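**Q** Here is the input, now give the coordinates:
(one chain, ligands or ions: 1)
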Amino acid sequence: MAKAHYIIVLNMINNLISMILSKFTPWKTTLISSLPYETLPVDLASKLCTDANCIKTASSDFGKLVQETPSAVFYPSTNSDIARLVKSSYDSSSPFKIAARGNGHCVGGQAMAKDGVVVEMSSLNGNGRIRVSWSDSLGFYADVGGEQLWIDVLRTTMEQGLAPVSWTDYLYLTVGGTLSNAGISGQAFLHGPQITNVHEMDVITGKGDIMTCSKSLHSELFYGVLGGLGQFGIITRARIVLHKAPSRVKWVRMIYEDFGSFTKDQEHLISINNGPNYVEGSLIMKKNLANNWRSSFFSTLGESKVNSLASKHGIVYSLEVVKYYDEFNIQTVNEELEEMLKGLSFKNGFKFEKDVSFEDFLNRVRIEELKLQSKGLWDVPHPWLNLFVPKSRILDFNQHVFIDIVQKQNKSSGPFLVYPMNRKKWDGQMSAVIPDDNEDVFYSVGLLHSAGKIDNCKIIDDQNKEILEVCDEMGIKIKQYLPRYYKTKEEWMKQFGGKWNVFEERKAKYDPKMILSPGQRIFNFN
Ligand code: FAD
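**A** Numbers count the residues shown, from 1 in each chain. You can find the predicted model right below:
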């Protein structure tokens, strides 16, 4: 923050000099006239940074695949600063593009704004931006700034013995960023994605209006923003559902040689009452070992056993299950776990268990991230492909994608995730897109590649495109999650399917000048 303030002060001086000069000259100074926001009030202009460092950060993201240079980066102090910035653009005869930047952890330039202004949401961070409350009608909930990281939401709510119920695998993502997508992890089968665990939001629309919305107040905006890829407004506050937090978790991994048995058991686990609190799964292959950045394997001995099995078969599947517990069921949790796993068809001798604190479990990726960071292996290109696959085609997907492409071509080390979710836990009125078929279950597939070198990046990107083509040819009606491969309006229409018309209508209503989140390339293709 200190650095940001320093930059703001420098920029303020720069801008003031430019403005004074422009008063005494018939022409505007180069700095002012080259930017799209010359009419901004001086107090807002002073929060813009055009310094090379600000621009560099805002021109990049976790993917390192796309680079788009904004004209400036905006460091708001209040929600109203953002509203006034958006309004200035909306009222201008030549509106400039604006993108909220959460933690820049998207992988395809979605938080960038070419020649426009990137709003650095972290600049809002301050005291009182995570508040826990209770009401008769809602129970416990937290009012959380859109810029907040989920790790901070976890830590603050845990101080009161509470926690949100639906998570992402990684917690250094912002509330506004994940709610713009869906926010999924192994709890989604039970509680739905993060977007279905929000009571209310404050949103700044593309007209610069600050609106509070919920299922009963401005519901059109509420449903539009959730999973809306930043197209209708900037989330400055979300009211999140909280439950009592468990203190510890029993964490189990079971290895399968057969994909059919693996998915059958996953589907069984997500269907039982009082079953697991978390279910995920992943592929283990020669190059994609049991130990990876998504979370280290439980023991070196177990790890080498699993890796040699993968080496023998070419590919094996790891089913990951978690049961939460606290002082109330500490005596019975082992029995509950045993009962839950009874009758599953994992390979004999290939069940591995661990007992960790709730917080360590949720924050499992961070530990691995820090290890990779220290080796310089985190800050590399990430040509990810995230898909939702209909349940009825998941066996075909295994054969034609996991085995025939990912395993045979052996181009990257993953991790590669595959786990099921229950359709009924999603709300069809929200913008988030899931497979069209009316099946009760669909799968989330995450091919989370890291690419060492740029040419490797192109090779993996080509593989991703091949996967999309194969799905098309085979009639596997996937939907992209965190979509980044669409280049035309027709492709977006196909992605949204029956939701496209509503999506377009909502855009016309809340962001008619198409100012917000241009980096998604839904309404702006250049
Ligand atoms: P950004 O990348 O900065 O922004 C993403 C989009 O949201 C942009 O279009 C931006 O303009 C818009 N946006 C940002 N803030 C706001 C706001 N306040 N209001 C409106 N729009 C906004 N996702 C999952 O669902 N599950 C996972 O398990 C998961 N694991 C991940 C692990 C890692 C290591 C990484 C890097 C990402 C993971 N993601 C996961 C993806 C993540 O949800 C996306 O990257 C998402 O974009 C959130 O990142 P962010 O908060 O940095 O938002």
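
**Q** all contacts plus neighbour counts: C-alpha atoms, from now on.
**A** Will do.

**Q** contacting residues for residue 68?
**A** 59, 60, 109, 112, 113, 114 (C-alpha atoms under 8 Å, 6 or more residues apart in numbering).

**Q** cool, residue 373 as well?
**A** Contacts of residue 373 were listed using C-alpha under 8 Å, 6+ apart, and they are residue 379.

**Q** Would you tell me which residues of the stretch 151-300 of the chain are close to the ligand?
**A** 168-170, 173-174, 176-178, 180, 182-185, 229-230, 233-236 (C-alpha under 6 Å from any ligand atom).

**Q** Which of these fall within helices?
**A** 176, 177, 178 (DSSP state H).

**Q** just curious, which of these is nearest to residue 211?
**A** residue 176 (15.1 Å; C-alpha to C-alpha).

**Q** Return the residues in contact with the nearest residue in space to that closest one that is not next to it in sequence.
**A** Nearest non-adjacent residue to residue 176, counting by C-alpha to C-alpha, 6 or more residues apart in numbering: residue 146, 4.3 Å away. Residues near residue 146 by C-alpha under 8 Å, 6+ apart: 121, 174, 175, 176, 177, 235, 236, 237, 238.

**Q** Give me the neighbour count for the fifth one.
**A** By other C-alpha atoms under 10 Å, 27 other residues sit near residue 177.

**Q** That one: what's it in contact with?
**A** 101, 102, 103, 146.

**Q** Contacting the ligand as well, which ones from those residues?
**A** Restricting those to those near the ligand by C-alpha under 6 Å from any ligand atom leaves 101, 102, 103, 146.

**Q** CSV for those residues, including pLDDT and secondary structure?
**A** Output for these, formatted as CSV (pLDDT from 0 to 100; DSSP: H, G, I helix; E, B strand; the rest coil):
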residue, pLDDT, secondary structure
101, 98, strand
102, 98, coil
103, 98, coil
146, 98, coil
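
**Q** Skipping its backbone neighbours, what lies nearest the residue in the stretch 401-526 of the chain that the ligand sits nearest to in space?
**A** At 4.5 Å from the ligand, residue 517 is the closest residue in the stretch 401-526 of the chain, using C-alpha to the nearest ligand atom. Nearest residue to residue 517 in three dimensions, chain neighbours excluded: residue 99, at 4.4 Å (C-alpha to C-alpha, 6+ apart).

**Q** now do residue 378
**A** residue 372 (5.2 Å).

**Q** which element is the one you found on?
**A** Assigned by DSSP states H and E, residue 372 belongs to helix 364-374.

**Q** Buried residues in that helix, which are they?
**A** Buried residues in helix 364-374, counted by 16 or more other C-alpha atoms under 10 Å: 364, 365, 366, 368, 369.

**Q** Apart from its chain neighbours, what residue comes closest to the first one?
**A** Meaning residue 364. residue 295 (5.6 Å).

**Q** you'd agree that neighbour is up against residue 368?
**A** Yes. Judged on C-alpha atoms under 8 Å, residue 295 makes contact with residue 368 at a distance of 6.3 Å.

**Q** Which residues of this structure lie near the ligand?
**A** Counting by C-alpha under 6 Å from any ligand atom, the chain comes close to the ligand at 62, 99-106, 110-111, 146-147, 168-170, 173-174, 176-178, 180, 182-185, 229-230, 233-236, 517, 520.

**Q** quick one on the thing from earlier: could I get the contacts of residue 177 as JSON lines with distance to residue 136?
**A** Shown next, in JSON lines, are the contacts of residue 177 (distance: C-alpha to C-alpha, whole Å):
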{"residue": "101", "distance to residue 136": "35"}
{"residue": "102", "distance to residue 136": "32"}
{"residue": "103", "distance to residue 136": "34"}
{"residue": "146", "distance to residue 136": "25"}
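
**Q** quick one: which of those has the most company?
**A** residue 146 (30 neighbours).

**Q** Distance check, that one against residue 300.
**A** Noted for residue 146: a distance of 40 Å to residue 300, by C-alpha to C-alpha, to the nearest Å.

**Q** returning to that earlier point: nearest to residue 265, of the ones next to the ligand among the contacts of residue 177?
**A** Using C-alpha to C-alpha, these come closest to residue 265 at residue 103, 35.7 Å.

**Q** quick one: the closest one and residue 173 touch, right?
**A** Yes. Checked against C-alpha under 8 Å, the pair residue 103 and residue 173 is within contact range at 5.9 Å.

**Q** domain ranges for the protein?
**A** Split into domains by automatic domain parsing, the chain comes to 3-122, 130-244, 248-481.

**Q** show me where the stretch 251-400 of the chain has helices.
**A** 259-269, 300-313, 333-341, 358-362, 364-374, 394-397 (DSSP state H, counting those that start in this stretch).

**Q** Just put those in a markdown table and tack on mean pLDDT.
**A** A markdown table is the format used below for the helices of the stretch 251-400 of the chain (pLDDT from 0 to 100):
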| stretch | mean pLDDT |
| --- | --- |
| helix 259-269 | 98 |
| helix 300-313 | 91 |
| helix 333-341 | 97 |
| helix 358-362 | 97 |
| helix 364-374 | 94 |
| helix 394-397 | 98 |
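
**Q** Point out the one among those helices that comes closest to residue 422.
**A** Per C-alpha to C-alpha, nearest to residue 422 of the helices of the stretch 251-400 of the chain: helix 259-269, 9.2 Å.

**Q** Nearest spatial neighbour of the spatially most central residue of the chain, chain-adjacent residues omitted?
**A** Closest residue to the average C-alpha location of the chain: residue 178 at 4.2 Å, with C-alpha atoms, centre = their mean. The shortest distance from residue 178 to any non-neighbouring residue, by C-alpha to C-alpha, 6+ apart, is to residue 194 (7.6 Å).

**Q** remind me, longest strand of the protein?
**A** What stands out as the longest strand in the chain, according to DSSP state E, is strand 315-325.

**Q** Show me what that strand is packed up against.
**A** The contact analysis (3 or more C-alpha pairs under 8 Å, 6 or more residues apart in numbering; DSSP states H and E) places strand 315-325 against strand 248-256, helix 259-269, strand 278-285, helix 333-341.
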